[in-house]
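K.L.:
predicted model and sequence below, questions to follow.
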Amino acid sequence: MGYAGGEKENPSYYSLGKHTEVLSIDYDPKVLSYDGLLTIFWSAHRCDQINTSRQYMNAVFYHDEAQKTIAEESRAAAASRQGVAVAEVKTRILPVGKFTYAEGYHQKYYLTRYDEVREILNKAYPSGKELADSTVATRLNAYLGSGMTRDWRVFLKELPEFGLPKELEDALTKAAQRMVGGEE
């Protein structure tokens, strides 16, 4: 999670300038092409919907002219699939400019439900970039709240194999045991 598309140095949630809140996706183009990534995006996005706020506008950002061309072609294909004239497409295609990581409290949203776990992760990964880039935090965020099928008993069984610090393992055990007990 971060900010892109604007020119302000060091944007923040409360001082964005002309930046937009964005997700930055690291991917291996040998496994998934940029075009394939855009196909996934367009399958879950209506290109004729508009958000009038610059902060939350609908956009695809590109890094170079080749990506720009691919993005524009994929936008036209998405419009056709969705039965929308290209002139009616509201999703913008823009240069990313400089990407700035959002503050730590904007990273890994689903972890915010687990204060003790989040507090420990914030100590281990004090900046927004460190937390965003953490494989441990990413996997925990996905498991704890992204809609994955959750079998908390399996999670508890596998947890010791993760090699986490004891403090974090204990907090996760406590959270998972609440889930097994049906409290959430």
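P.N.:
Ah, there it is.
K.L.:
which residue, other than its chain neighbours, is closest to residue 93?
P.N.:
Once flanking residues are discounted, residue 93 sits nearest to residue 71: 4.7 Å by Cβ to Cβ, 6 or more residues apart in numbering. In this view, the C-beta of every residue, glycine as well, is placed from N, C-alpha and C.
K.L.:
how close does the one you found get to residue 124?
P.N.:
36 Å (Cβ to Cβ, to the nearest Å).
K.L.:
of those two, which one has the most company?
P.N.:
With neighbours defined as other Cβ atoms under 10 Å, residue 71 and residue 124 compare such that residue 71 has more, 22 against 16.
K.L.:
what's the first helix or strand after the helix or strand where the more buried one lies?
P.N.:
If you go by DSSP states H and E, residue 71 is part of helix 65-81. Downstream of helix 65-81, the first helix or strand assigned by DSSP H and E is strand 92-95.
K.L.:
list the helices and strands the helix or strand just after that next one packs on?
P.N.:
Going down the chain from strand 92-95, the next helix or strand is strand 100-101, by DSSP H and E. Counting contacts by 3 or more Cβ pairs under 8 Å, 6 or more residues apart in numbering; DSSP states H and E, strand 100-101 is packed against strand 2-4, helix 128-133.
K.L.:
tell me the strands beside strand 100-101, with direction?
P.N.:
Its sheet considered, strand 100-101 pairs with strand 2-4 (antiparallel) by DSSP bridges.
K.L.:
I'd like the next helix or strand past the strand it pairs with.
P.N.:
Scanning forward in sequence from strand 2-4 by DSSP H and E, the next helix or strand is strand 20-22.
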